[in-house]
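*Asks:* the amino acid sequence is not available; the structure is as follows:
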Ligand code: HEM
Ligand SMILES: [Cu+2]
């Protein structure tokens, strides 16, 4: 018995059939499903749609920066704003909603919600999550959240709305008079934020329990794929950081609706309103917000780091270089992530000694990040690299992470950040890490696990074009932002060119907008490829990539309950091209393949 997969193959197809017999009604199968795979796919489709919404908002922002006060084509007509012109209030709302949609409705739910749900039970060999109903609720709480964000979009009469940016600093976010049109809109925004938090917390509890309790026999902690480690660490981060944001959100709602003054100082006169009674501290919000949101930037990255490690290893047919250091560095990033939040507040007038502490801890995060980068390159090095779209997107991830990580180290230095803070340099940094890294990792992940989700492959040629155009568009849009930042262009200004020292930056901004349009159009390739391949893609078997993980022993797509027989894990997830695999005439060896001694000793017992 060299490998157990043929046995599974024949057995399983009848089994998958057997599952089809007890058919569920449509609404239970596709809407209120408690199956982790369906919930994962629901999250994926919803977040991809939100990606389109967020992208459209970004293009509107780019329009204003390239052609200030000119009528905007198409979108301008939809939003019918003084003939299609973007007003300052509208601009403020556009970038606020762009970031909010991208962060809270795309990046966080696509990683934890879509991939976390789909992959965790499959990769650890469980039949579902520990709490399937809670899991379903975590998806359905996204809808009131999306409704609230949508309401905040229209509550200000569409042409204005929440004005505080995704960071929602008071007083802008605490006093309705501080930002015209932000009245109920900002309150809806805060409700939306809280609801996303509820959804994330339900997911987090579920993921931790599932990973701790439901691993298949033999799936020891250090045999878990790095995706699972990443999801586990992310869930812990969420559980510890999120309550702080939720509490702060409620306090801010109370300031707006109940007349409390947690974040409002006394005697402030805004837009000729009565002076505030106050006694509170706007700075308190910054502390609470960043105590959540710095760890949250890793919530937006770690899962992608784990997934890319899995995919790189498979596409290079080599074990991940330094598996344990990869795990420890993710844990270190998560741990350190809790003591660096002050690097977002260097200009808030903090004691220089405190600034030094935050600067040192921030720079220390670069160490585990560098270990990971080194190990990804070590994984690629000398491998039998498959140049498909998965590999291209993964290399995009690593390369862009290097750029984004390096700019982070610049900003970690207090004196440098005093200049860079709130300039486009910051915008460049976080787009490199969040789009350049996370999103390219997500694109790779979609193509890689698509056959497991739908039993069909995505078209690789279209996916390669999608990668190439997105990569060019991305760098053309975001690299020049470093230069704008160095030139001192502030973020969040509707018309930076009012300042003569920025006038000369207009042509560069126009070029960037062209690249952004290219990048936006390229996403239709992804959408088209996704939809087309769902129905007409090439049909494939269980393990089209020749990968090792448990998910590849299940049918594609797996039936209810995932596996034909409860899997047993005998080895680590990255044993590509090992002598043992080669002895079997292949360059991978499934985690379910027992070591060669075992059958022999079993024979011995029988004899
Ligand atoms: C080598 C690691 C990193 C270092 C040293 C670093 C450092 C910093 C610093 C100092 C700031 C504040 C700058 C300012 O506002 O003046 C910042 C902002 C930011 N960083 Fe990083 N960073 C790193 C990695 C990351 C990663 C991996 C992500 C996300 C996946 C990320 C996301 C962000 C975001 C979203 C902001 C801006 C938030 C805002 O003001 O809107 N960073 N980073
Ligand atoms: Cu940070």
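*Replies:* Cool, got the structure. Note that the structure is a prediction, hence the values are computed from the model and not measured. Numbers count the residues shown, from 1 in each chain. Ligands and ions are numbered 1, 2, ... in the order given.

*Asks:* per-residue confidence at residue 80?
*Replies:* Here, the pLDDT recorded for residue 80 equals 56.

*Asks:* and for residue 86?
*Replies:* 86.

*Asks:* what sits closest to it if chain neighbours are left out?
*Replies:* residue 64 (4.6 Å; C-beta to C-beta, 6 or more residues apart in numbering). Just so you know, the C-beta spots here come from the backbone N, C-alpha and C atoms, and that holds for glycine as well.

*Asks:* ok, now which ones touch the one you found?
*Replies:* Going by C-beta atoms under 8 Å, 6 or more residues apart in numbering, residue 64 touches 72, 86, 91, 94, 494-495.

*Asks:* got a ChimeraX select line for the buried ones in these?
*Replies:* Of these, the buried ones go into a single ChimeraX selection, burial set by 16 or more other C-beta atoms under 10 Å:
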select :72,86,91,94,494
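
*Asks:* and of the contacts of residue 64, the nearest to ligand 1?
*Replies:* Distance to ligand 1, by C-beta to the nearest ligand atom, is smallest for residue 94 among the contacts of residue 64, at 15.2 Å.

*Asks:* am I right that that closest one sits in a helix?
*Replies:* Yes - under DSSP: H, G, I helix; E, B strand; the rest coil, residue 94 falls within a helix.

*Asks:* for ligand 1, what are the nearby residues on the stretch 151-300 of the chain?
*Replies:* Proximity of the stretch 151-300 of the chain to ligand 1 (C-beta under 6 Å from any ligand atom) is limited to residues 167, 297, 300.

*Asks:* got those as a markdown table, with neighbour count columns?
*Replies:* Converted to a markdown table, these look like this (neighbours: other C-beta atoms under 10 Å):
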| residue | neighbour count |
| --- | --- |
| 167 | 16 |
| 297 | 19 |
| 300 | 25 |
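
*Asks:* return the subset of the contacts of residue 64 lying in helices.
*Replies:* Members of those lying in helices (criterion: DSSP state H): 91, 94.

*Asks:* switch the residues of the stretch 151-300 of the chain next to ligand 1 over to TSV; also include distance to residue 262, pLDDT and secondary structure.
*Replies:* TSV is the format used below for those (distance: C-beta to C-beta, whole Å; pLDDT from 0 to 100; DSSP: H, G, I helix; E, B strand; the rest coil):
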residue	distance to residue 262	pLDDT	secondary structure
167	16	96	coil
297	25	95	helix
300	27	96	coil
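
*Asks:* using JSON lines, please lay out the residues you listed together with distance to residue 405.
*Replies:* Formatted as JSON lines, those follow (distance: C-beta to C-beta, whole Å):
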{"residue": "167", "distance to residue 405": "21"}
{"residue": "297", "distance to residue 405": "12"}
{"residue": "300", "distance to residue 405": "14"}
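
*Asks:* contact residues of the chain facing ligand 1?
*Replies:* Taking C-beta under 6 Å from any ligand atom, the part of the chain that reaches ligand 1 is made up of 167, 297, 300-301, 343-344, 362, 365-366, 369, 405, 408-409, 411-412, 417, 420-421, 426, 429-430, 433-434.

*Asks:* so what's residue 239 up against?
*Replies:* Contact analysis of residue 239 by C-beta under 8 Å, 6+ apart lists 201, 204-205, 208.

*Asks:* where does pLDDT dip in the stretch 51-200 of the chain?
*Replies:* Where the stretch 51-200 of the chain drops to pLDDT under 70, the residues are 79-83.

*Asks:* show me what residue of it gets nearest to ligand 1.
*Replies:* The nearest approach of the stretch 51-200 of the chain to ligand 1 comes at residue 167, 5.6 Å away (C-beta to the nearest ligand atom).

*Asks:* chain center to the host helix or strand of the residue nearest to residue 86: distance?
*Replies:* Per DSSP states H and E, residue 64 falls inside helix 36-66. Relative to its chain's centre, helix 36-66 lies at 12 Å (C-alpha atoms, centre = their mean, to the nearest Å).

*Asks:* so for the helix or strand following that helix, what gets flagged as buried?
*Replies:* Using DSSP H and E, the helix or strand that follows helix 36-66 in sequence is helix 75-78. Neighbour counts over helix 75-78 (16+ other C-beta under 10 Å) mark 75-76 as buried.

*Asks:* tell me which other helices or strands helix 75-78 touches.
*Replies:* helix 36-66 (3 or more C-beta pairs under 8 Å, 6 or more residues apart in numbering; DSSP states H and E).

*Asks:* can you pull the buried residues of the helix it packs on?
*Replies:* Within helix 36-66, the residues that qualify as buried are 36-44, 46-48, 50-51, 53-66, counting by 16+ other C-beta under 10 Å.

*Asks:* can you check stretch 312-330 too?
*Replies:* The neighbour-count check on stretch 312-330 (16+ other C-beta under 10 Å) flags 312-323, 325-327, 329-330 as buried.

*Asks:* out of those, name the ones that lie in helices.
*Replies:* Those of the buried residues of stretch 312-330 lying in helices (DSSP H): 312-316, 323, 325-327, 329-330.

*Asks:* and the residues you listed as CSV, adding pLDDT?
*Replies:* Shown next, in CSV, are these (pLDDT from 0 to 100):
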residue, pLDDT
312, 98
313, 98
314, 98
315, 98
316, 97
323, 97
325, 97
326, 98
327, 98
329, 97
330, 97
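
*Asks:* residue 523 - how many residues pack around it?
*Replies:* 18 (other C-beta atoms under 10 Å).

*Asks:* ok, residue 500 - contacts?
*Replies:* Contacts of residue 500 by C-beta under 8 Å, 6+ apart: none found.

*Asks:* how is the nearest residue to residue 546 once chain neighbours are set aside classified with respect to secondary structure?
*Replies:* Excluding the flanking residues, the one nearest residue 546 by C-beta to C-beta, 6+ apart is residue 588, at 4.7 Å. Classification of residue 588 using three-state DSSP returns coil.

*Asks:* residues touching residue 588, list them.
*Replies:* Applying C-beta under 8 Å, 6+ apart to residue 588 gives the contacts 314, 317, 546-548, 575-577, 581.

*Asks:* these, buried ones only, as a PyMOL selection?
*Replies:* Remark: buried members of these, expressed as a PyMOL selection using 16+ other C-beta under 10 Å:
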select buried, resi 314+317+546+547+548+575+576+577+581
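
*Asks:* quick one: the helices in the stretch 201-350 of the chain?
*Replies:* Assigned by DSSP state H, counting those that start in this stretch, the helices in the stretch 201-350 of the chain fall at 226-257, 282-299, 302-316, 323-336.

*Asks:* including distance to residue 109, could these go into TSV?
*Replies:* Formatted as TSV, the helices of the stretch 201-350 of the chain follow (distance: least, C-beta to C-beta, whole Å):
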stretch	distance to residue 109
helix 226-257	12
helix 282-299	11
helix 302-316	11
helix 323-336	19
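
*Asks:* which one of those lies nearest to residue 503?
*Replies:* Residue 503 sits nearest to helix 282-299 of all the helices of the stretch 201-350 of the chain, at 32.2 Å, using C-beta to C-beta.

*Asks:* on contacts alone, who are the packing partners of that closest one?
*Replies:* Contact analysis of helix 282-299 by 3+ C-beta pairs under 8 Å, 6+ apart lists helix 226-257, helix 323-336 as its packing neighbours.

*Asks:* again, only this time at 6 Å
*Replies:* helix 226-257 (3 or more C-beta pairs under 6 Å, 6 or more residues apart in numbering; DSSP states H and E).

*Asks:* give me the phi and psi for the residue of the stretch 51-200 of the chain closest to ligand 1.
*Replies:* Phi and psi for residue 167, reported as degrees, to the nearest 10, are phi -90, psi -10.

*Asks:* with residue 593 instead?
*Replies:* Taking degrees, to the nearest 10 as the convention, residue 593 sits at phi -80, psi 120.

*Asks:* rewinding a little: what about the contacts of residue 239, which one has the most neighbours?
*Replies:* Of all the contacts of residue 239, residue 204 has the most neighbours under the rule other C-beta under 10 Å, reaching 24 neighbours.
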